[in-house]
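> I would like the atomic coordinates for the input below:
(chains A and B)
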Amino acid sequence: MSAYLKNAWYAAAWSQEIGRQLLKRVIMDESILFYRKEDGTAVAVSNRCAHRFAPLHLGKLEGDTVSCPYHGLRYDSSGKCVFNPNGDQRVPVGARIRTYALAERSGMLWIWPGDADRADTALLPDISYLEDRTRYAPVTGYLNVRSNYRFILDNLLDNAHLNTVHHDTLSCEPFRRGVPHLKPSAGNANEILTSLICPPGLPGAIWSQIWAAEHDGVAPGSMDHWVELSWEPGGTCLQETGITPEGRPRSEGIATLNCHLVTPETGQTSHYFWGIARPFQLNNPEFDEQMKFGANYAFQHQDEPMLEAIQKESGAQDFWKMRPALTVEDVTLSKVRRRMDELIRAENATPAAATSSTG
Amino acid sequence: MAYLRNAWYVAAWSNEIGDGLLSRTILGESIVFFRDKQNDGRVIAARNLCPHRFAPLDRGKLIDGTLECAYHGLRFNTQGKCVFNPDGDGRLPAGAKLTIFPVVERWKAAWIWMGDPAKADASTIPDYPFLDTPEWHPVCGLLKMRTNYRYAIDNLLDVAHVRMVHPTSGIYCESLSKGKTEINRDPNGAIWVKRLGVNGAPPPLFAGMWQAAGFGELSTHMDHWADARWDAPSLILNHVGIAVHGQPREAGLELRNTHFVTPETETTTLYFWSTSRTFALDDTDLDRSVHSGTEHLFVDEDEVMLNAVQEAMGDRDFWALKPALLQADIGPVAARRALDKLIADEQREVQIATKAAISETVST
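So this is what the prediction gives:
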């Protein structure tokens, strides 16, 4: 049984990572080759030559074809072998490599690792705010995390760790007392939504700095905090989080839109793409740098070491079989875990999905 | 994936085993080699693990023809028997028996048998007389490759990779690459994989040798052959040569190369190579350039690709991935299938023997 939900959109690369060079990226234990055709269309094919299994990313991109570094077989963007330089030059029967369904939107290249016929662009997560430069200033990043993707999702869906792991940046009394409330899903029947309802209080270090920067250096007083979260299958977690003076409408406060896109690399490692869009301090590159620095500090130096340690401690053991003691803050992540388990079970029970996953 | 155990593998070139202890991992097992000075210096191969508390014996030393463990000083003779215990009452512990593997020295190499010692028959080692005769001059080397030994065999029996992997190292030949690979089998199971390039420019590497052999300027109308013989489990012999187009091979120049491939672990391989010539026998400059040229081909070109294949494949099964095959693959495929069959037969034999042993134990 596959441990991955394959029929879903996953972040494969930021658009600017893909060009007229060969990029190898492992997704769900499969080595995948990415490049752009001469017309700019992105291509994803298996990185393993169908002949003697050499990795194609060490080869060459020639026009819209990739030549294998081992024996020079050349594949077009449909995965078909179109040229064999050796001997009688006959193209071997069965020389075909797998292709993957892709969609490029909002500066992200999305991959559908499962059955290409089921890839529906209507299901693409909406991160269009990253492109809307008239209203938002975005910062984005990528991290390779030495942890299973589900521990990362757990972490993103959990407010309780903010007060310990991020003790010097996000920690504050409102988050410590906040309680997540599940909400009915809006569109996609498989999505899970939750609101973190917090009592008013002083914000943490980062929000205090941002507030002061926006209000001529005046520190915030007692504020209302909010975190609106949505999870979509398989690794998409979208957030709106902000503060406003106690009792005032959210429109009088400040908030950011955050996306966290988690893509399994292997059972023990993950690709983590993040983006933060702010509707204030537009066209302020210095502020961009500070946001980036802060986000990297939190993800790389605070979350990642903890997630790696959890991965090492639990190895390949099943989360539920380890009998987790769950707290009220874990309602979202346990709901997401159970929904994901159901979807993976259903996918593995479908013969078509099972076949395409062996591709 | 299981190894073929009832087979001869090269463990070392003879000149690597001198007065001291040499340890080497073969088929995943650490083995220590030394010479038995009291018995014409014949090579002894013992498990590199003291049966007492499992210290590696290569940290010990040879004393009066016995191998002394560096941990508690137990000494073992060349039959593996514990003959001395310096501690306490000096009694020899029961069960202190060191495993000794059959070894034969032939063709300037030490060959080890990792299977059932009763089946070790030195006459089944194939012939490589040119490695040990005054008419031929060999240049030998040992390299370690970060790949499973079977990818190394595939690569050695496959001429189609030369165009891509060795384009500028002097061994690519256009006429050979247009040729067709043919195979035939010897009665003992050896497989010949042959290819001929007719009436073309030979590989540039041959130009210097053609002169050194006294033939003068090289013409562009040459026949070039590259024949390989695979013997189980992982031994390859090459006859590689050139002759003026239409003339018999004997009127040209031929090299004899061997590639003795020994699995070290599942993902690493010991690669004993040699190339032998009948001309310029005393030319040490030529020796040096053969040595460095060969190492360049194997280390900077083949090894890089084979390591990449190993990493791309992980522990996936070759056939389960349904490889697409080229004409030139008939050689590697025939050798793979032959070795698969030998391994499967051996595994079946082991199972039958185990079952018999169990039923005997149960009935007595």
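> Going by neighbour count, which residues of stretch A:277-286 are buried?
A:277-278, A:281 (16 or more other CB atoms under 10 Å in any protein chain shown). From N, CA and C alone the C-beta is placed, and that goes for glycine too.
> got it, and stretch B:64-79?
Buried residues in stretch B:64-79, counted by 16+ other CB under 10 Å: B:65-69, B:74-78.
> Next: stretch A:7-22.
Neighbour-count burial for stretch A:7-22 flags A:7-14, A:18, A:22 (criterion: 16+ other CB under 10 Å).
> got the residue ranges for the helices in the stretch 1-150 of chain B?
Taking DSSP state H, counting those that start in this stretch as the test, the helices found in the stretch 1-150 of chain B are B:149-156.
> Get me the contact residues on the stretch 201-350 of chain B for chain A.
Residues of the stretch 201-350 of chain B lying close to chain A by CB under 8 Å from any CB of the partner chain are B:305, B:308-309, B:311-313, B:318, B:321-329.
> try it again with 10 Å
With CB under 10 Å from any CB of the partner chain as the criterion, the stretch 201-350 of chain B meets chain A at residues B:304-306, B:308-314, B:316, B:318, B:320-329, B:332.
> Is whichever residue of chain B sits closest to chain A in a helix, a strand, or coil?
Closest residue of chain B to chain A, CB to the nearest CB: B:A324 (3.6 Å). With DSSP: H, G, I helix; E, B strand; the rest coil as the basis, B:A324 sits in coil.
> and stretch B:175-186, which residues are buried?
For stretch B:175-186, by 16+ other CB under 10 Å, it's B:175-177, B:179, B:181, B:183.
> Restricted to strands, list those residues.
Residues of these located in strands (DSSP state E): B:I183.
> which ones among the buried residues of stretch B:175-186 come in contact with chain A?
Counting by CB under 10 Å from any CB, B:176-177, B:179, B:181 from the buried residues of stretch B:175-186 sit close to chain A.
> okay if I get those as JSON lines plus distance to B:E254?
Below are those laid out as JSON lines (distance: CB to CB, whole Å):
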{"residue": "B:L176", "distance to B:E254": "15"}
{"residue": "B:S177", "distance to B:E254": "20"}
{"residue": "B:G179", "distance to B:E254": "17"}
{"residue": "B:T181", "distance to B:E254": "19"}
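> now those as CSV including pLDDT and distance to A:L102?
Formatted as CSV, these follow (pLDDT from 0 to 100; distance: CB to CB, whole Å):
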residue, pLDDT, distance to A:L102
B:L176, 93, 41
B:S177, 91, 36
B:G179, 91, 41
B:T181, 94, 39
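> out of the residues you listed, who's nearest B:L286?
B:L286 lies nearest to B:L176 out of those, by CB to CB, at 23.1 Å.
> pretty sure the closest one contacts B:G200?
Yes - contact between B:L176 and B:G200 holds when scored by CB atoms under 10 Å: they sit 7.9 Å apart.
> Can you pull out the low-pLDDT segments for chain B?
Within chain B, the stretches with pLDDT under 70 are B:363-364.
> Chain B contacts on the stretch 1-150 of chain A?
A:24, A:29, A:31, A:47-60, A:67-73, A:81, A:84-97.
> Let's see that with 7 Å instead.
Within the stretch 1-150 of chain A, the positions lying close to chain B (CB under 7 Å from any CB of the partner chain) are A:31, A:48, A:50-55, A:58, A:69-72, A:81, A:84-88, A:90, A:92, A:94-95.
> I'd guess A:E347 is in a helix, am I close?
Yes - under three-state DSSP, A:E347 falls within a helix.
> per the record, what domains does chain B have?
Chain B breaks down into these domains under automatic domain parsing: B:8-123, B:126-337.
> scratch that, chain A is what I was asking about
Domain assignment for chain A by automatic domain parsing gives A:10-118, A:125-349.
> Could you provide those in CSV, with additional columns for mean pLDDT?
As requested, the domains of chain A are exported to CSV (pLDDT from 0 to 100):
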stretch, mean pLDDT
domain A:10-118, 96
domain A:125-349, 92
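> Is A:G204 in contact with A:R176, as I believe?
No - counting by CB atoms under 7 Å, A:R176 is not a contact partner of A:G204; they are 10.0 Å apart.
> which one of the two has more residues nearby?
Neighbour count, other CB atoms under 10 Å in any protein chain shown: between A:G204 and A:R176, A:G204 has more, with 22 against 15.
> how about the nearest residue to the more buried one, chain neighbours excluded?
Closest residue in space to A:G204, ignoring its immediate chain neighbours: A:C172 at 3.9 Å, by CB to CB, 6 or more residues apart in numbering or on different chains.
> cool, and A:L153?
The spatially closest residue to A:L153, leaving aside those adjacent along the chain, is A:V262, at 5.9 Å (CB to CB, 6+ apart).
> for the one you found, helix, strand, or coil?
Secondary structure assignment for A:V262 (three-state DSSP): strand.
> Can you tell me which residues in the stretch 51-200 of chain B are near chain A?
B:154, B:160-161, B:163-165, B:177-180.
> Same list, these, but as JSON lines with distance to A:E286 please.
Output for these, formatted as JSON lines (distance: CB to CB, whole Å):
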{"residue": "B:D154", "distance to A:E286": "57"}
{"residue": "B:A160", "distance to A:E286": "57"}
{"residue": "B:H161", "distance to A:E286": "54"}
{"residue": "B:R163", "distance to A:E286": "54"}
{"residue": "B:M164", "distance to A:E286": "50"}
{"residue": "B:V165", "distance to A:E286": "50"}
{"residue": "B:S177", "distance to A:E286": "60"}
{"residue": "B:K178", "distance to A:E286": "64"}
{"residue": "B:G179", "distance to A:E286": "66"}
{"residue": "B:K180", "distance to A:E286": "68"}
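> Nearest residue to the middle of the chain?
Assuming you mean chain A. A:L261 (1.4 Å; CA atoms, centre = their mean).
> nope, chain B
B:F260 (1.9 Å).
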